[in-house]
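# attaching a predicted model along with its sequence, questions to come.
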Amino acid sequence: LYVDGLIYTGWKSASVGNSLEQAASTFSIALSSNVTGDTSILPVLPGTPCKLVLQGVTVITGYVDGISGKYDSGTHQYDLVGRSKIGDLVDCSAILKGGEFSNQTVSQIAKALCEPFGITVELQADEGAPLKKHRTEDASVHEVIERACRRRGLLLTSSPDGKLIICEVGKQKIDTPIIK
């Protein structure tokens, strides 16, 4: 776990959540009290940029949401939880002067709304014609973009490096075998 330029190792456990039903990928890591690596200084502040790397592969780029400690008579540990950058799009309202996009494609809408957050939008599909009108309607940034995607039959997901991906359903094949 890379947090604010420092590496945290000595994990007791780690879990990663990534689903099409949740916009932002999540992670939870239990660190022993004997943190090794570049630092042994805790706590980490919520909102601190982080990158979770498993066996040399980046799985989440985002922010620490929180840290807590667990103590008993023999041991203590720290639990770090966080989400991908896309969490910002879930937490923040879509603010647009006039409250409406006119004659914009799905990717143009997404790029305009993601730009203040420093999130790159990657289009991996034919997005079709521009939407004549698309309102923000007191919704989160993610909800506005997701609604635009649904209007064109597109899917919204994210990449491990924090990009927002607009793609088509069922167009990619996975290499993982299905075993009975």
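Yes, it's here. Residues are numbered from 1 along each chain as shown.
# what's the first helix or strand after the longest strand belonging to the chain?
Ranked by residue count, the top strand of the chain under DSSP state E comes out as strand 57-71. Using DSSP states H and E, the next helix or strand after strand 57-71 towards the C-terminus is strand 76-84.
# pLDDT score assigned to the residue sitting furthest away from the middle of the chain?
Note on the chain: the largest separation between a C-alpha and the mean C-alpha position, by CA atoms, centre = their mean, falls on S73 (36.6 Å). In this prediction, S73 carries a pLDDT score of 74.
# same check on the one 5 residues further on?
Per-residue confidence for Y78 comes out at a pLDDT of 80.
# what about it, distance to T9?
13 Å (CB to CB, to the nearest Å). Every C-beta, even on glycine, is put in place using the N, C-alpha and C of the backbone.
# who has more neighbours, the two?
Using other CB atoms under 10 Å as the criterion, Y78 and T9 rank with Y78 on top: 20 against 12.
# where's the closest residue to D91 other than its chain neighbours relative to G162, distance?
Of all residues not flanking D91 in the chain, S140 sits nearest, at 7.1 Å (CB to CB, 6 or more residues apart in numbering). Distance, S140 to G162, by CB to CB: 17 Å.
# L96 now?
Distance from L96 to G162, by CB to CB: 23 Å.
# so between these two, which is more surrounded?
More crowded of L96 and G162, by other CB under 10 Å: G162, with 23 against 16.
# give me the pLDDT for that one.
pLDDT at G162 comes out at 92.
# that one touches L89, doesn't it?
No: under the criterion of CB atoms under 8 Å, G162 is not in contact with L89, lying 10.8 Å apart.
# which residues do those two both contact?
When contacts are counted by CB atoms under 8 Å, 6 or more residues apart in numbering, G162 and L89 have I119 as shared neighbours.
# name the strands paired with the least confident helix or strand in the chain by mean pLDDT and say parallel or antiparallel.
Of all the helices and strands that make up the chain, strand 6-7 has the lowest average by mean pLDDT, DSSP states H and E, namely a mean of 84. With DSSP bridges as the test, strand 6-7 is paired with strand 2-3 (antiparallel).
# ok, residues contacting the partner strand?
Defining contact as CB under 8 Å, 6+ apart, one finds that strand 2-3 is touched by Y8, V44, T48, P49, C50, K51, L52, V53, V64, L80.
# and if we set it to 7 Å?
Under the criterion CB atoms under 7 Å, 6 or more residues apart in numbering, residues V44, T48, C50, K51, V53, V64 lie in contact with strand 2-3.
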